[in-house]
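Sequence plus predicted model, see below.
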Amino acid sequence: MIDYQVLRTEVERHPYPVLFTTVSGAHLYGFPSPDSDYDIRGAHILPLQEAVGLLPKQETVSISDVQQGVELDLVTHDVHKFFLMLLKRNGYVLEQLYLPLVITSSDEREELKRIGLSCITRHHSHHYLGFANTQYKLFLKDSPPRVKSLLYVYRVLLTGIPLMRSGRIEANLAVLNEDFKLPYINDLVAHKISTAEQVTLEFPAIEFHMTEISRLLGELGRSAALSRLPEEPSAQRDLHDLLVRIRRSNESRRQ
């Protein structure tokens, strides 16, 4: 069970106000091991003088910490950078914005969720295809291969396929597998969550999973080719207006 109070305490130490924060990583994907750390992601708001000035700005804040024996990894982007990433078909920020393990939120986040739907395009397939191939290479590089690496490959593929087909955003592997009904997924998840983070895969299974990953990569490519999602995002003006209002509101609170 996630101890949200510990996570909120960590977020409260953030040097800037946050638009929202959420849990990512293995906890979001549905396969945390007992020793998994917590990945906190979100968006922060730089003060106006830092956002528009010429001095170096903290567009990304990254903090690693241990609270009550729990390892925490917090990464947030300034709202300007976060909004640009939404427009650039970045699947990471879509997942952070829409998926349910929310630590802190705001009215502006709710508005951003409505606007962000107009950022989802057929070309998000490039993010998921590229990420799946990267994770697959990491899986093959491990010696012996780890169950965690394999689950990350499947998670990316099973997230990308329904996104292309319907615009649905989901990252929990067990939830995704309710539609795909791949029997080995539940077995891998059960194995991962009941053992250590670095648990390895038995070698006789590797060839089978290589075949399955190749099949699902092809399915993601075909789903992208047939997708009825738009070619380009249409939310730039709305994101601009929201960004300006967020900056103004933050300055009013600071005064």
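Yes, it's here. Numbering: from 1, shown residues only.

where's residue 87 relative to residue 195, distance?
Look at residue 87 and residue 195: by C-beta to C-beta, to the nearest Å, they are 40 Å apart. From N, CA and C alone the C-beta is placed, and that goes for glycine too.

Next: residue 158.
22 Å.

quick one: which of these two has more around it?
Taking neighbours as other C-beta atoms under 10 Å, residue 158 and residue 195 compare with residue 158 leading, 27 against 14.

And the more buried one, which helix or strand is it part of?
Element membership of residue 158 [criterion: DSSP states H and E] is helix 147-166.

So which elements touch the helix or strand just after that helix?
Using DSSP H and E, the helix or strand that directly follows helix 147-166 along the chain is helix 173-180. Identification of packing neighbours for helix 173-180 by 3 or more C-beta pairs under 8 Å, 6 or more residues apart in numbering; DSSP states H and E yields helix 147-166, helix 183-193.

where does residue 43 fall, phi/psi-wise?
phi -130, psi 140 (degrees, to the nearest 10).

hang on, it packs against residue 20?
Yes - here residue 43 reaches residue 20: they are 6.2 Å apart, a contact under C-beta atoms under 8 Å.

out of these two, which sits in the more crowded spot?
Under the criterion of other C-beta under 10 Å, the comparison of residue 43 against residue 20 puts residue 43 first, with 27 against 23.

Quickly list what the more buried one is bridged to.
residue 20, residue 77 (DSSP bridges).

Which pLDDT does the model give it?
Looking at residue 43, its pLDDT is 98.

Next: residue 200.
On pLDDT, residue 200 comes in at 68.

Now do the buried residues in the helix or strand hosting residue 66.
Taking DSSP H and E as the definition, one finds residue 66 inside strand 60-67. Counting neighbours by 16 or more other C-beta atoms under 10 Å, one finds that the buried residues in strand 60-67 are residue 61.

Could you name the helices and strands sitting against that strand?
helix 4-12, strand 70-78.

Touching the helix or strand hosting residue 27 from outside, list them.
Secondary structure from DSSP H and E places residue 27 in helix 25-29. Contacts of helix 25-29 with the rest of the structure, by C-beta atoms under 8 Å, 6 or more residues apart in numbering, involve 2, 22, 32-33, 36-39, 73, 95, 99, 101, 148, 151-152, 155, 171-173.

for it, what is the average pLDDT?
The model assigns helix 25-29 a mean pLDDT of 95.

From the chain's centroid, how far away is that helix?
Distance, stretch centre to chain centre, for helix 25-29: 9 Å (C-alpha atoms, centre = their mean, to the nearest Å).

From the contact counts, what lies against the helix or strand of the chain with the lowest mean pLDDT?
Least confident element among the helices and strands of the chain, by mean pLDDT, DSSP states H and E: helix 183-193 (a mean of 89). Secondary-structure packing of helix 183-193 (3+ C-beta pairs under 8 Å, 6+ apart): helix 147-166, helix 173-180, helix 206-226.

between those, which gets nearest to residue 129?
helix 206-226 (6.0 Å; C-beta to C-beta).

Now that closest one: buried residues?
209, 212, 213, 216, 217, 219, 220, 223, 224.

Residue 22 sits in which helix or strand?
strand 18-24.

Give me the distance from that strand to the chain's centre.
Centroid displacement of strand 18-24 relative to its chain, using C-alpha atoms, centre = their mean, is 11 Å.

quick one: contacts of it?
2, 7, 11, 28, 38-45, 74, 76, 79, 82, 95-97, 99, 101-106, 108-109, 112, 246.

Name every strand pairing with the strand holding residue 66 and say which way it goes.
When DSSP bridges is applied, strand 60-67 pairs with strand 70-78 (antiparallel).

Flag every buried residue along the strand it pairs with.
Judged by neighbour count using 16+ other C-beta under 10 Å, the buried positions of strand 70-78 are 72, 73, 74, 75, 76, 77, 78.
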